[in-house]
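> Show me how the following folds:
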Amino acid sequence: DEFSFLFLNAGRSKIERISERLRESLAEELDTGAGNFRITASFGFAVFPDDGESAKSLVERADAALYEAKRGE
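Numbers count the residues shown, from 1 in each chain. Prediction:
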């Protein structure tokens with residue numbers, strides 16, 4: 001699954017911190033009674049205007065960054 005978030009007035013460093021906090025929260029091992037498992041997550045984001053000036057270009061850049069992050073894991 002893929003999800004999109006829109007942050008107003010948030011720079012790259014703030015978005016990186018939020019992403020890391022989400023990743024850490026999801027990384028906790030879960031015990032279902034039938035076994036343990038972990039959830040992993042990859043994040044890709046784009047910042048206006050550095051990565052694009054239209055919604056379309058920002059979504060495209062964020063999507064490319066997401067797939068780049070997935071390849072790196």
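
> center of the protein - which residue?
Nearest to the mean C-alpha position of the chain, by C-alpha atoms, centre = their mean, lies residue 43 at 2.2 Å.

> tell me the pLDDT at that residue?
pLDDT recorded at residue 43 is 92.

> what do you get for residue 64?
For residue 64, pLDDT reads 95.

> Likewise for residue 73?
Residue 73 is given a pLDDT of 65.

> now residue 31
In this model, residue 31 carries a pLDDT of 90.

> How about the one 3 residues further on?
Note for residue 34: predicted pLDDT of 90.

> what's the burial count for residue 19?
Using other C-beta atoms under 10 Å, residue 19 has 17 neighbouring residues. Heads up, the C-betas are built off the backbone N, CA and C, glycines and all.

> My error: substitute residue 47 in the last question.
17.

> for the nearest residue to it once chain neighbours are set aside, what are its contacts?
Counting by C-beta to C-beta, 6 or more residues apart in numbering, residue 47 lies nearest to residue 12, which is 5.1 Å off, once chain neighbours are set aside. Residue 12 makes contact with 45, 47, 50, according to C-beta atoms under 8 Å, 6 or more residues apart in numbering.
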